[in-house]
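*Asks:* pasting the structure only:
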Ligand code: TMP
């Protein structure tokens, strides 16, 4: 059986990852491809439990502990959900993966980026393609206001934090051009969908 593919969507809050991963899943399914949509933190029972701990609560984790909690969730998610699906031939579309730890914990919260890079190396499991959805802060803020609901621990952090996260994603993408593409996600939903479809069409067989 053919090995599947692992596609991750990254970006700050309000970039439209969830909308676009849904549209990508629909398009691939229409081509007869078996698709699994998942997200981080979460995507397996143990990892969803850790998601609750990471996004809720009031504990001010030490940077290393917070990094390792994300990697604990990720190890569980890869082992129980992502790797088995890919080995069975599915295309896995994942909202956020290790680049979010580098951007949020590393660039945003000041955790040691070398330590995070080492965790990435130890995980030894990389996406085939990472779409980094990039939007100016004003657009992201307007989308977040529209979305409403209660903000999680990260959404509550200040504008400076979110600006560092955005810059982090751009630097991560620039340093890994074979895996990452930056998608201008400030346009309307269909324009962004078409840009993503182009990148998918250019993936090697
Ligand atoms: P979301 O699923 O609604 O995007 O929420 C996940 C939040 O967790 C988002 O604010 C980004 C944050 N996050 C990290 O800080 N580090 C990580 O490694 C991941 C996967 C997410």
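*Replies:* Alright, I've got the coordinates. Keep in mind that this is a model prediction, so the values were computed, not measured.

*Asks:* please count neighbours and contacts with C-alpha atoms only from this point.
*Replies:* Noted.

*Asks:* number of residues surrounding residue 92?
*Replies:* 24 (other CA atoms under 10 Å).

*Asks:* ok so it is a strand residue?
*Replies:* Yes - the assignment for residue 92 by DSSP: H, G, I helix; E, B strand; the rest coil puts it in a strand.

*Asks:* show me the contacts for it.
*Replies:* Listed by CA atoms under 8 Å, 6 or more residues apart in numbering, the contact partners of residue 92 are 4, 5, 6, 7, 35, 36, 37, 38, 82, 85, 86.

*Asks:* go on, residue 78?
*Replies:* Contacts of residue 78 by CA under 8 Å, 6+ apart: none found.

*Asks:* picking up where we left off before, and which of the contacts of residue 92 is nearest residue 163?
*Replies:* residue 7 (24.6 Å; CA to CA).

*Asks:* gap between the closest one and the ligand?
*Replies:* Distance of residue 7 to the ligand, computed by CA to the nearest ligand atom, to the nearest Å: 14 Å.

*Asks:* picking up where we left off before, so which of the contacts of residue 92 sit within helices?
*Replies:* 85, 86 (DSSP state H).

*Asks:* which of the contacts of residue 92 has the most neighbours?
*Replies:* Most crowded among those, counting by other CA under 10 Å, is residue 82 at 26 neighbours.

*Asks:* so how far is residue 142 from the residue nearest to it when sequence neighbours are not counted?
*Replies:* What sits nearest to residue 82 in space, not counting adjacent residues and going by CA to CA, 6 or more residues apart in numbering, is residue 92, at 6.7 Å. Distance from residue 92 to residue 142, counting by CA to CA, to the nearest Å: 30 Å.

*Asks:* likewise residue 156?
*Replies:* 15 Å.

*Asks:* do residue 108 as well
*Replies:* Residue 108 is 20 Å from residue 142, by CA to CA.

*Asks:* between those two, point out the one with more neighbours.
*Replies:* residue 108 (22 against 11).

*Asks:* pretty sure the more buried one sits against residue 164.
*Replies:* Yes - counting by CA atoms under 8 Å, residue 108 sits close enough to residue 164 to count as a contact (5.2 Å).
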